[in-house]
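Q: the following comprises the amino acid sequence and a computationally predicted model.
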Amino acid sequence: MNEIKGMIEGHLSDLGFSHFGFSSLSKPLSFEFYESWIKEGLHGDMQYLEDHAPIKQTPQKKWPRAQSALVFAIPYYPHPESKKDFPLKSARVSLYAQGFDYHFWFKERMQKLCSLLQTQFPEEEFIAFTDSSPVLERDLAKRAGLGWVGKNTCLIHPKKGSLFFIGEIYTSLQMETELAPLPDFCGTCTRCIEACPTGALIEPHKMDARKCISYLTIESRTVPPVELREKIGDWFFGCDICQTVCPWNQKIFKGQLATEPILALNDEQSNSLTEDLRYILTSSGKRLEKDFWGTPLARAGSFGLKRNALVVVGNKQISCLKNEVESLVNHERLGELATWALSRLS
Ligand code: B12
Ligand code: SF4
Ligand code: SF4
């Protein structure tokens, strides 16, 4: 084990990992909570969360040889894989999405490590994942000592905050868990719960994903319910508020990030936001696909990006985009939302 630890430590900084830990692959500590969360329907249309439950409970159902996980964190502020020709200048995009999609580059970095480990241990198995596989990552990372689960549901490290991605390498090697799970350092703080614009944090540590702006602007394949539209404010893709208000992130971004539900913009910024939204509303699906290729925004597709733009146009009351909004009034899936946005412009 010391051999592996030493080897990983030797590569931590060149691979951009901020911290790592180990955990055995037994049933997740919070699995009962996960099951009841799904039963309550708080996952909305994310059917895969329900489908993945049996494998999350017993990873060996899918990976029979898996015994342990090496768990890694990579900070996304500042973004480690920025995209020079990112197509948007002023639309409010959550920090994790302001660059290339971590699903590709984080996995690639772990795969480099897998190759090194495979050479050292040719009989053993190493498989890298991040996000999209049936792994209960926050639970696993908590068990590996990477942080505690805050009231905003994010994994937080006392020195590194919560603005980091989680990835893991499953292995057939038997690894002792190195660190005890960190205690909950939220204390009496409730800043995230109070600041959430949509009330998605329904209890400490518990989210109604159907209300989360991140779900409504990224994962959802429909238009947001009328009662939540205004609360989305100017968020075009994702949301960071419950993390930017968190005291444990203050030393990470040093007051450089806004925490308001809707930003006050000067003339130049307003014009630039208008141009971003005009471009989204008038571009073809092919053009958007090409421009956003390799970024997390590609996941929303043309429908999702135009949907998000309509909400921001309505909330910011950008009247000079009236014609662009009108052109979507007869759209099969966006027509009702376009009519809503239009009603806010007059
Ligand atoms: C579905 C999903 C979402 C959904 C639902 C989020 C949610 N809070 O449940 C939506 C689309 C809303 C979302 C949003 C975001 N996501 Co997301 N998401 C996921 C995904 C794919 C599954 C999460 C899940 O199963 N949720 C269901 C809930 C019930 O489970 P959970 O949050 O994992 O929490 C478990 C839960 C059940 O097991 O119980 C736990 N637990 C542990 N200790 C304790 C203690 C107590 C007292 C309690 C009650 C519970 C508890 C444990 O933490 C994971 C990747 C993965 N494969 O795990 C990424 C992941 C959680 N997301 C991530 C990120 C970065 C985000 C965003 C920041 C993106 C953005 N800026 O828009 C936001 C953050 C919003 C937020 N406050 O959580 C990171 C989180 C990194 C971190 N430091 O925590 C992950 C791990 C992806 C990754 N590989 O980096 N996400
Ligand atoms: S990401 Fe935004 S909407 Fe979602 S829980 Fe956090 S503050 Fe609320
Ligand atoms: S804002 Fe406060 S309550 Fe919320 S996660 Fe951070 S420390 Fe915990």
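A: Yep, that arrived. Ligands and ions are numbered 1, 2, ... in the order given.
Q: contact partners of stretch 212-229?
A: Stretch 212-229 has contacts (CB atoms under 8 Å, 6 or more residues apart in numbering) with 44-46, 94, 197-198, 200, 209, 211, 231-232, 235-239, 296, 299-300, 303-304, 307-308, 311, 314-315, 333-334, 336-337, 340. Using the backbone N, CA and C atoms, a C-beta is placed for each residue, glycine as well.
Q: with stretch 74-83 instead?
A: So stretch 74-83 is contacted by 16-18, 95-96, 98-100, 102, 105-106, 109, 160, 163-165, 167, 252-253, 294-295 (CB under 8 Å, 6+ apart).
Q: if we go to 6 Å?
A: With contacts defined as CB atoms under 6 Å, 6 or more residues apart in numbering, stretch 74-83 is touched by 16-18, 95-96, 98-100, 105-106, 163-165, 253.
Q: identify the farthest-apart pair in the residues you listed.
A: Using CB to CB, the contacts of stretch 74-83 reach their maximum pairwise distance at W105 and F253, which is 21.6 Å.
Q: what's the nearest residue to K322 if we skip its chain neighbours?
A: L345 (5.4 Å; CB to CB, 6 or more residues apart in numbering).
Q: pretty sure the one you found sits against I318.
A: No. Between L345 and I318 there is no contact under CB atoms under 6 Å: 7.5 Å.
Q: which bits of the chain sit near ligand 3?
A: 150-152, 186, 189-192, 245-248 (CB under 6 Å from any ligand atom).
Q: so of the residues you listed, which ones are in helices?
A: Judged by DSSP state H, helices contain the following of the residues of the chain next to ligand 3: 191-192.
Q: between the residues of the chain next to ligand 3, which is closest to I262?
A: V245 (14.8 Å).
Q: hey, C-alpha coordinates of stretch 16-26 in CSV?
A: What follows is stretch 16-26, C-alpha atoms only, in CSV (Å, rounded to 0.1, in the frame of the first residue of the first chain):
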residue,chain,number,x,y,z
GLY,A,16,-3.4,18.4,-11.2
PHE,A,17,-5.0,16.5,-8.3
SER,A,18,-5.4,18.5,-5.1
HIS,A,19,-6.0,15.6,-2.7
PHE,A,20,-6.7,11.9,-2.7
GLY,A,21,-7.6,9.0,-0.4
PHE,A,22,-8.6,5.4,-0.4
SER,A,23,-11.7,3.5,0.6
SER,A,24,-12.8,-0.1,0.6
LEU,A,25,-15.8,-0.8,-1.7
SER,A,26,-18.5,-1.9,0.7
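Q: which parts of it are buried?
A: Residues of stretch 16-26 classed as buried by neighbour count (16 or more other CB atoms under 10 Å): 17-23, 25.
Q: tell me where the stretch 151-300 of the chain has strands.
A: 155-156, 164-171, 201-203, 206-207, 235-237 (DSSP state E, counting those that start in this stretch).
Q: can you put the ones you listed in CSV and add mean pLDDT, distance to S220 and mean neighbour count?
A: Formatted as CSV, the strands of the stretch 151-300 of the chain follow (pLDDT from 0 to 100; distance: least, CB to CB, whole Å; neighbours: other CB atoms under 10 Å):
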stretch, mean pLDDT, distance to S220, mean neighbour count
strand 155-156, 98, 23, 23
strand 164-171, 98, 22, 24
strand 201-203, 98, 18, 15
strand 206-207, 98, 14, 19
strand 235-237, 98, 12, 27
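Q: now the residue nearest in space to the middle of the chain: closest residue in space, sequence neighbours ignored.
A: Using CA atoms, centre = their mean, the residue of the chain that lies closest to the mean C-alpha position is Y96, 6.5 Å off. Computed as CB to CB, 6+ apart, the closest residue to Y96 that is not its neighbour in sequence is Y76, at 4.7 Å.
Q: for burial, what's the neighbour tally of the one you found?
A: Y76: 19 surrounding residues under other CB atoms under 10 Å.
Q: give me the distance between it and T198.
A: 22 Å (CB to CB, to the nearest Å).
Q: let's see the pLDDT reported for V226.
A: Turning to V226, the model gives it a pLDDT of 98.
Q: from F236, how far off is it?
A: Where F236 is concerned, V226 sits at a distance of 19 Å (CB to CB).
Q: up against ligand 1, what does the stretch 101-250 of the chain have?
A: 130-131, 135-139, 142, 149, 152-155, 162, 164-166, 205-207, 209, 212, 214-215, 218-219, 238-240, 242.
Q: quick revisit: higher neighbour count, L345 and I318?
A: More neighbours sit around I318 than around the other of L345 and I318, counting by other CB under 10 Å; the figures are 21 against 16.
Q: spatially nearest residue to the more buried one, not counting backbone neighbours?
A: T274 (5.6 Å).
Q: which residues of the stretch 101-250 of the chain lie near ligand 2?
A: So the stretch 101-250 of the chain meets ligand 2 at 152, 196-198, 200-201, 207, 212-214, 239, 241-242 (CB under 6 Å from any ligand atom).
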